[in-house]
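> Predicted model, plus sequence, below.
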2 protein chains.
Amino acid sequence: MRAVLLNTGTELLLGDVPDAHLSFIAREIFALGLRFEEQRTVPDGEAIRDALKELFSRAEIVFVTGGLGPTSDDITRDIVAGLLGLELVEDVGLLESLKQRLAVRKIKWVPSIGRQAQVPDGAQVLANENGSAPGLYLKANINPKISSPHLFVLPGPPRELRPMFKESVLPLLRSIVKVPTIERRLYKITGIGESNVEELIGAKVLAIPGIELGYCARPSEVDVRVVGSPEAIRSADAIVQAELGPRIFSVNDENLEELLVKLLVKRKETLAIAESCTGGLLANRITNVPGASNVFIAGYITYANEAKIDILSVDPQLIKKHGAVSEPVARAMAEGARTRAKSTYALSTTGIAGPEGGTAEKPVGTVYVGLATPKETVIKKFFFPNDRETFKQQTAQAAFDMLRRKLIS
Amino acid sequence: MRAVLLNTGTELLLGDVPDAHLSFIAREIFALGLRFEEQRTVPDGEAIRDALKELFSRAEIVFVTGGLGPTSDDITRDIVAGLLGLELVEDVGLLESLKQRLAVRKIKWVPSIGRQAQVPDGAQVLANENGSAPGLYLKANINPKISSPHLFVLPGPPRELRPMFKESVLPLLRSIVKVPTIERRLYKITGIGESNVEELIGAKVLAIPGIELGYCARPSEVDVRVVGSPEAIRSADAIVQAELGPRIFSVNDENLEELLVKLLVKRKETLAIAESCTGGLLANRITNVPGASNVFIAGYITYANEAKIDILSVDPQLIKKHGAVSEPVARAMAEGARTRAKSTYALSTTGIAGPEGGTAEKPVGTVYVGLATPKETVIKKFFFPNDRETFKQQTAQAAFDMLRRKLIS
């Protein structure tokens, strides 16, 4: 079935907020054999009506996001009702639950909030556990006089849309779509660049009849996607596994931190992290994973040299002799963190994130990553001459991959 | 002038990678008086040709992103040349610089990389400082036989596109577009919800002739955007400032961490951070700001109770009596961090991020934020009953706002 996504909101086209819906919904619907043929963003106002009219004639399932809130630029509900010739009806239960929601949070009621309880006649209300605006489902040809596709109208904030999608939209979609006949696999790879990945697998995979192959490069990560029949996927998998082996860190769409927490939980081992140049990114990523508290003891963000000496017992002479960005200091940081936290492992990072602070000998992008284990401490030097946030992400990937390889070895 | 954005890439429509271009480019072009009328995403392949054909007839400036890399799904360059009836010509200088780029990074040369040195005849090459694929600019009606808009063809990875846009695209756009006649102002607000913001300013601002008003809610932040003539903007500004006052933390599109680093640098003061439930997010955000090393001494991510006792000298009896998520422990953490780091200020966070760990008395979402200053320590309790990452972001906003208000008071 042909599916399209329409994101509404002047704030999107002005760049005040990035879209987060396309990637989320695309992944969710793929499991049902659906993929988007197109995505559009249009401003608030009449452009929504024009785009919907055009997309109604071209798609069988349409998702619309945004414009369901309480403020005056939230007009999606009204446009949909108008296009489909449906009355807006006040949903008394919805109104009551809106009032309760605000009372719990001690937020003042203002009359405009009540607009969110207006529902096009015959539409199914999708509960919003994380916000005030409910979603709507209007089945195909809901008004028998007007031809229309299945239409899902969803709130703009991702933290409202996502739970609603999983809880309410997916069950409805399952009753609408047919069984998928294609599969997809995503390989997440680190430690090798996109061109070299293609050289290893490209020609061989594309020789499989009916296969679709795509690449996506991120900071220190290449994602390889294959789409095709179950047989084609099996053939492709054999090639990708043989050529890339341990460089593949996930085939389950897990990121490195999710994988590390899972591996550490399974092994009943613990982790501490000593960060200089990454400034807390490693710890932040690890603690985004639910259950991280079972394996993560502490993070030491020793930005100043004094903090490295105070917290990690780094010898001041070591810093004086080799500089804070050096192999011996990375080693002392990792070992100091492991000792201090009494953890099984400790990772350390020290480098020059830039834009200032580089020298001829140690240019911006130079970084040492340390891994202390019960048996030994390993240090690797990397060079990521990029912007500050990319540098931090690349260093985090490199550090996490060092620990991953130790855990699976 | 009518501007549109076409993002290409099956990986976008499959959800393997989120779009980051719309929000970035929209903000950049707004300063020149340009705004997007529409944005589309289409898959790799013939859909690019169809979309470009349609958009060529509707827009005066078209930006295309993606599909310029070395792999077999990178075909934007070929499609553009075909549509405009231009030959692809090898750029020898480009080929040489590609080879040098790989040599510096010790990446193996594979022949497909050379495809990136193919340029449609007459197109201007836009240098890529952060990747191998160059961008292209094709002026309007570059082939006199075919009507076409100004066309910018840009690489997919954001860290390549962004510097290229600032260095090469903006100067070209300035020579194409007329002087802007509308202005825009963005107010970043924290500590109050979207509905309440609208109640305070909505009707008054919308009474100004020709003004455009929009809202965007993020975790513990509301962004208010006004667009209009310079006179309208001045009138709106008076209303917004009078009604929202100190809740506005930026009118320069700065985030809270950028503001804090700027304020601390100016005051020659320093900061330490003790985090439990936020797990490094505060430190990570602060250290994303260039120059953070001038004011940020250390972060202590004391996830386990033992780490709170060891690093921050939190009295174990305090944890036993009140629990780790409590006012006294938040206080002890902030004071412990400030003492340990010898910093002017210290922030602390302790709470229940969920999804596990909540109790009837302290449900998931409960969090205490502490701020220790030379004169006193202040603790505030918040309740953010949301998903884990939103909870962390809301807590970070609340903590940063406590410090901001102290610094500007």
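It's in.
> mind listing the strands for the stretch 151-300 of chain A?
Assigned by DSSP state E, counting those that start in this stretch, the strands in the stretch 151-300 of chain A fall at A:183-189, A:212-218, A:221-228, A:248-250, A:271-275, A:296-302.
> mind listing the helices for the stretch 51-200 of chain A?
A:76-83, A:92-104, A:158-164, A:170-176, A:194-206 (DSSP state H, counting those that start in this stretch).
> Worst mean pLDDT among those?
Lowest mean pLDDT within these: helix A:92-104, at a mean of 86.
> and the angle for that helix with helix B:194-206?
100 degrees (axes from the mean of the first three to the mean of the last three Cα atoms, to 10 degrees).
> for the closest residue to chain B within the stretch 301-409 of chain A, what are its contacts?
Nearest to chain B in the stretch 301-409 of chain A, going by Cβ to the nearest Cβ, is A:I301, at a distance of 3.2 Å. In this view, the C-beta of every residue, glycine as well, is placed from N, C-alpha and C. Neighbouring residues of A:I301 by Cβ atoms under 8 Å, 6 or more residues apart in numbering or on different chains: A:275-276, A:279-280, A:283, A:307, B:273, B:280, B:283, B:287, B:298-301.
> Local confidence estimate at it?
Reported pLDDT for A:I301: 97.
> For stretch A:5-15, measure first residue to last.
18 Å (Cα to Cα, to the nearest Å).
> residues contacting the residue lying closest to A:R267 once chain neighbours are set aside?
Excluding its sequence neighbours, the residue lying closest to A:R267 (Cβ to Cβ, 6 or more residues apart in numbering or on different chains) is A:L407, at 6.9 Å. By Cβ under 8 Å, 6+ apart, the residues touching A:L407 are A:L260, A:L263, A:L264, A:R267.
> Give me the buried entries from those residues.
A:L260, A:L263, A:L264 (16 or more other Cβ atoms under 10 Å in any protein chain shown).
> And the closest residue to the second one other than its chain neighbours, its phi and psi?
In this case it means A:L263. In this structure, A:L263 finds its nearest non-sequential neighbour in A:L407, 4.5 Å apart by Cβ to Cβ, 6+ apart. The phi and psi values for A:L407, taken as degrees, to the nearest 10, are phi -70, psi -30.
> Is A:K380 part of a helix or strand, or is it coil?
strand (DSSP: H, G, I helix; E, B strand; the rest coil).
> Do I have it right that it meets A:V369?
Yes: in this structure, A:K380 is within contact of A:V369 by Cβ atoms under 8 Å, at 5.3 Å.
> Show me which of those two is the more surrounded one.
A:V369 (27 against 15; other Cβ atoms under 10 Å in any protein chain shown).
> What residues are bridge-paired with that one?
A:T349, A:K380 (DSSP bridges).
> Report pLDDT for it.
pLDDT at A:V369 comes out at 98.
> what's the answer for the one 4 residues further on, then?
The predicted structure scores A:T373 at 98 on the pLDDT scale.
> what do you get for A:L5?
97.
> So for stretch A:186-199, what gets flagged as buried?
Neighbour-count burial for stretch A:186-199 [16+ other Cβ under 10 Å]: A:186-195, A:197-199.
> restrict these to contacts with chain B.
A:L186, A:G193, A:E194, A:S195, A:E198, A:E199 (Cβ under 8 Å from any Cβ of the partner chain).
> export those residues to a markdown table and tack on distance to A:Q397?
Formatted as a markdown table, those follow (distance: Cβ to Cβ, whole Å):
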| residue | distance to A:Q397 |
| --- | --- |
| A:L186 | 17 |
| A:G193 | 13 |
| A:E194 | 14 |
| A:S195 | 18 |
| A:E198 | 20 |
| A:E199 | 21 |
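> right, and out of these, which lies closest to A:N255?
A:L186 (11.6 Å; Cβ to Cβ).
> Okay, and the beta partners of that closest one?
Going by DSSP bridges, A:L186 forms beta bridges with A:R225.
> Surely it touches A:V227?
No: using Cβ under 8 Å, A:L186 is not in contact with A:V227; the gap is 9.7 Å.
> Surely A:E37 is in a strand?
Yes: looking at A:E37 with three-state DSSP, it is inside a strand.
> so how far is A:T181 from it?
With distances taken as Cβ to Cβ, to the nearest Å, A:E37 is found 17 Å from A:T181.
> More neighbours: these two, which one.
A:E37 (17 against 8).
> Find the nearest non-adjacent residue to that one, please.
A:R2 (5.4 Å).
> Is that neighbour in contact with A:A59, as I believe?
Yes: using Cβ under 8 Å, A:R2 makes contact with A:A59 at a distance of 4.6 Å.
> Compare these two (neighbour count), which wins?
The neighbour count for A:R2 versus A:A59, taken as other Cβ under 10 Å, is higher for A:A59 (21 against 15).
> For the more buried one, give me its contacts.
A:A59 touches A:R2, A:A3, A:V4, A:E37, A:P149, counting by Cβ under 8 Å, 6+ apart.
> measure it to B:G370 for me?
52 Å.
> so where's chain A shaky on pLDDT?
A:72, A:179-180 (pLDDT under 70).
> can you name the farthest residue from the center of it?
A:Q317 (42.5 Å; Cα atoms, centre = their mean).
> Am I right that that one falls within a helix?
Yes: read with three-state DSSP, A:Q317 is one of the residues of a helix.
> Run through who's touching stretch A:188-203.
A:213, A:215, A:217, A:220-224, A:239-240, A:243-244, A:247-251, A:253-256, A:397, A:401, B:69-72, B:107-108, B:110, B:112-113.
> which SS class is A:F24?
Classified using three-state DSSP, A:F24 is helix.
> ok so, going back, out of the strands of the stretch 151-300 of chain A, which is the most enclosed?
strand A:271-275 (a mean of 31; mean count of other Cβ atoms under 10 Å in any protein chain shown).
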